[in-house]
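In: Sequence and predicted structure, then a few things I'm wondering about:
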Amino acid sequence: MRIWIGKSRWWIKSNVTAPHGSGGSSQPGFLANQLLNDSSGELCMSVLRPEIASLRNNGITGVALPRMTDPEMFPLWFGEGDIPTPDFIRDAAKKALDEAYTFYSHTRGRAELRETIHQYLNDLYNIDLDFNRITVPGSTMLGITISAQMALTNGSHGLIVSPAWPNVEAVFQITGCDYEHIRQQPVNGRWQLNMQDLYAAVRPNTRVIFVNSPCNPTGWVMTSDEQRELLAFCRERQIMIIADEVYHRTVFDRKAAPSFLEVAEPEDPVVVISGFSKAWAMTGWRIGWVVSPASWGEQWAAMSECFNTGTPPFVQLAAMAALEQGEPFVNQLLQQYAGGLDLVMDALGNHPRVDMLRPEGAFYAFPRIRGVTDSMAFAEQLADETKVGLAPGYTFGPGNDEHVRLCFAMSHDRLGEALRRMVQFIDRMPG
């Protein structure tokens, strides 16, 4: 594990083994004490819970934040492209502001937006969803956070299918639970999850399994059969599945990725989380939705009120416009992502120093760079020498320090130049 110490830029590797096991995390209490000792100038740290005191920026922000204002950077570090939110969505928000939609909203979201999401999901997956299962708490990340808070606590155990977005591990850590990563593996030219490895890691106190499909960063897509199998396993043991499906429209061989909504019963212990950031170019709007058992509706209303009070109403009306008018734009973005994927495969797919699996979904590549053993050092040197910003692989969980993640959602001319610089940098590497 690497931790950011005070205001310095030293990344420390900890070799302390903790009950998180393969999660790769150290004892929160030990880390907090070390941080207190190593940063004696920081005040009042002792009042914080150890799980909070040990939180630090992840590797993505570690690379990006010092360089975000550099106009010469090619920022492939975050999960967004360079196409702004389209006019019809922005116009809907402006109209809502002009009409004074600036007051409190229902903590589960405006009824008309929830109904629009309801109809969208029914049409997309050919299902008959109960409207009362839908909540709009705020961002998709907030949906993940609340879901974990509902089920995990000190003394419980969670599993994260990884590689995974680093904020998910932070969410688990904050609850005080023990957790482990179950890593996808490259098998026969694609990323795959060994379901038996996942089941073998379950303990009597396991309360949550987190799955992101399509996956950030590998592009792995869970099949419907795998979803049914995992659902049956968790149903029997009353384990919550947190299914992050925010990339549900970013797949390259069908209209939408398989969803747990297609296989789950209404009261199964599943929370499906999605949102507007990726398919509608709305990363800065911070709005998403969750679908949970209807019997949890009051809890979602209460938790949403505690965490966010309610999603801004003018943002909700913009989100309605996205669903009602946005299908051509969704397809336009998907074509850009597909073209970006082709550029990545052309540049890296056959490079002698790169092991690159073609992603099935999302808009990331997660190549292994032969000879790299410290992905943070590689990413920082690449950024400083070439102005290409990538995410270091280690931050996506254990076993990934030979990898980097790059987002290929950017316009093709800029992406092509960034890839050219990256390849030249790799070619100059010793060995």
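Out: Great, that's in hand.

In: remind me, longest helix of the protein?
Out: helix 327-348 (DSSP state H).

In: need the strands for the stretch 151-300 of the chain, in chain order.
Out: Ranges of strands in the stretch 151-300 of the chain, per DSSP state E, counting those that start in this stretch, are 157-162, 178-183, 185-187, 190-192, 206-212, 240-244, 270-275, 288-291.

In: Export those as CSV, with columns for mean neighbour count, distance to residue 55 and mean pLDDT.
Out: The C-beta positions use only the backbone N, C-alpha and C, and glycine is treated the same way. CSV is the format used below for the strands of the stretch 151-300 of the chain (neighbours: other C-beta atoms under 10 Å; distance: least, C-beta to C-beta, whole Å; pLDDT from 0 to 100):
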stretch, mean neighbour count, distance to residue 55, mean pLDDT
strand 157-162, 25, 16, 98
strand 178-183, 24, 15, 98
strand 185-187, 12, 29, 97
strand 190-192, 18, 28, 97
strand 206-212, 24, 18, 98
strand 240-244, 25, 20, 99
strand 270-275, 26, 22, 98
strand 288-291, 26, 22, 98
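
In: Please name whichever of those strands is nearest to residue 338.
Out: When the strands of the stretch 151-300 of the chain are compared by C-beta to C-beta, strand 190-192 sits nearest residue 338, at 17.3 Å.

In: Packing partners of the longest helix of the chain?
Out: strand 364-365, helix 412-428 (3 or more C-beta pairs under 8 Å, 6 or more residues apart in numbering; DSSP states H and E).

In: before we move on, the earlier item: is it possible to export the strands of the stretch 151-300 of the chain to TSV including distance to residue 75?
Out: Shown next, in TSV, are these (distance: least, C-beta to C-beta, whole Å):
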stretch	distance to residue 75
strand 157-162	24
strand 178-183	27
strand 185-187	27
strand 190-192	25
strand 206-212	22
strand 240-244	23
strand 270-275	21
strand 288-291	22
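
In: For residue 130, find the nearest of the ones you listed.
Out: strand 288-291 (9.0 Å).

In: Run me through the strand neighbours of that closest one, direction for each.
Out: Each strand paired with strand 288-291, and its direction, by DSSP bridges: strand 134-138 (antiparallel), strand 270-275 (antiparallel).

In: Would you mind getting the angle between the last one and strand 240-244?
Out: Here strand 270-275 runs at 20 degrees with respect to strand 240-244, directions being taken by axes from the mean of the first three to the mean of the last three C-alpha atoms, to 10 degrees.

In: Equivalent analysis for the first one, please.
Out: For strand 134-138 against strand 240-244, the angle by the same axes, to 10 degrees is 70 degrees.

In: Alpha carbons only: can I get strand 134-138 in CSV?
Out: What follows is strand 134-138, C-alpha atoms only, in CSV (Å, rounded to 0.1, in the frame of the first residue of the first chain):
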residue,chain,number,x,y,z
ILE,A,134,-35.7,3.6,-7.7
THR,A,135,-33.8,6.3,-5.7
VAL,A,136,-31.8,9.3,-7.0
PRO,A,137,-29.6,10.1,-4.0
GLY,A,138,-27.0,12.2,-5.8
